[in-house]
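Engineer: just to be clear, the model below is a prediction. Sequence and coordinates:
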Amino acid sequence: VVSTQSTGEETKLISKQHHESLEKLVDKSIAEEVSEDEAIGEELDSFPPLTQQMMDEVDKALCGGPLLETLVDGFNITLSRKDIQTLKDMTWLNDEVINFYFNLLMDRSKKCAPTIHIFNTFFYPRLLKVGHQGLARWTRRVDLFAVDLIMIPIHLGMHWCLAVVDVRSKTITYYDSLLGDNHQCTNA
């Protein structure tokens, strides 16, 4: 039964109960986030150090051989030595390297939380050019509401940023190491 009239006393009681339940929900959410962060931190700490043989492979990939030689092939993306060399200091990061890495993250998220979907680097320019209507095929194979995070890499000409939609908390966060505020992105 829903009452359309309430006294100030009833409203206070409902507000207090609502506030207390929200506090419990926030506390539980924070505890879950801390637990996830600790698990990720422990996993990162457990990475073994690179052996000399591994370091030699890295040096070979970055420095030796033909630039167009294929070094990595996966997720329908082929990375050449030229692409991999964009990982060196003071070079422009290649969009295909970003796309490949984000595919690795999505693949990993199938095995552990949080679940993520990451659009490739061509998504944002397409969104700006044709709007939401032109992006139906980009989402037809994924239920965006079934993932925890949606990530959108954004290239600003000479600089990469990242928009993250947290489906769980219904927030959009824009990450920019140069502290820009790309309102065009968050409003798109």
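Structural biologist: Noted; the coordinates are in hand. Everything quoted here is computed from the prediction, not taken from an experiment.
Engineer: residue 49 and residue 156, how far apart?
Structural biologist: Taken as C-beta to C-beta, to the nearest Å, the spacing of residue 49 relative to residue 156 amounts to 35 Å. No exception for glycine: its C-beta is placed from N, CA and C like everyone else's.
Engineer: if you count what's nearby, which of those two comes out ahead?
Structural biologist: Neighbours were counted for residue 49 and for residue 156 using other C-beta atoms under 10 Å; residue 156 has more, 13 against 6.
Engineer: for the more buried one, give me the pLDDT.
Structural biologist: Listed pLDDT for residue 156 reads 82.
Engineer: swap in residue 51?
Structural biologist: Confidence score, pLDDT, at residue 51: 91.
Engineer: so where's the protein uncertain?
Structural biologist: Under the criterion pLDDT under 70, the flagged ranges of the chain are 1-45, 183, 186-188.
Engineer: could you pull up the residues touching residue 73?
Structural biologist: By C-beta atoms under 8 Å, 6 or more residues apart in numbering, the residues touching residue 73 are residue 79.
Engineer: would you say it is within a strand?
Structural biologist: Yes - read with DSSP: H, G, I helix; E, B strand; the rest coil, residue 73 is one of the residues of a strand.
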